[in-house]
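Student: A predicted structure for the sequence below; I have some questions about it.
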Amino acid sequence: VPLAVTSSVTVTVVANLNSLNLAPGTATVGTGGTQQFTANGIDQFGAAVTSPSGLTWTLSSGCTGCSVSNTGLFTAGTSPGGPYTITAT
């Protein structure tokens with residue numbers, strides 16, 4: 001007679017930050033204007049998770065007088081140009 005054992009286990013899967021989705025994806029900002037960007041965390045399953053604090057925001061080179069703050073606020077320079085790339089890590 002073959003023997004069999006049946007049991008139940010509970011498995012908890014921890015969501016891990018896998019990527020960041022920046023919003024808005026594109027923006028047009030007038031000379032001297034501002035645009036707030038946000039970073040939304042995405043886990044390994046594609047679901048939203050809390051974004052980590054302390055993100056580092058960077059701006060591609062070539063934008064004279066432009067800046068991006070440590071909270072994702074982009075401020076355009078006084079000369080038209082672009083496009084530029086903003087990155088959060």
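Tutor: Arrived safely, thanks for sending.

Student: Thr87 bridge partners, please.
Tutor: Beta-bridge partners for Thr87, by DSSP bridges, are Thr58.

Student: ranges for the strands of this protein?
Tutor: 17-23, 34-36, 38-43, 48-49, 57-59, 67-68, 73-75, 86-88 (DSSP state E).

Student: Mean neighbour count added to those, as JSON lines?
Tutor: For the C-beta atoms, the positions are set from N, CA and C on the backbone; glycine is no exception. Shown next, in JSON lines, are these (neighbours: other Cβ atoms under 10 Å):
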{"stretch": "strand 17-23", "mean neighbour count": "13"}
{"stretch": "strand 34-36", "mean neighbour count": "13"}
{"stretch": "strand 38-43", "mean neighbour count": "16"}
{"stretch": "strand 48-49", "mean neighbour count": "13"}
{"stretch": "strand 57-59", "mean neighbour count": "15"}
{"stretch": "strand 67-68", "mean neighbour count": "17"}
{"stretch": "strand 73-75", "mean neighbour count": "16"}
{"stretch": "strand 86-88", "mean neighbour count": "17"}
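
Student: Indicate which one of the ones you listed is closest to Ser7.
Tutor: Of all the strands of the chain, strand 38-43 sits nearest to Ser7, with 28.7 Å by Cβ to Cβ.

Student: partners of that closest one, with directions?
Tutor: Using DSSP bridges, the strands paired with strand 38-43 are strand 17-23 (antiparallel), strand 48-49 (antiparallel).

Student: quick revisit: which one of the strands of the chain lies nearest to Thr10?
Tutor: That would be, of the strands of the chain and by Cβ to Cβ, strand 38-43, which comes in at 19.7 Å.
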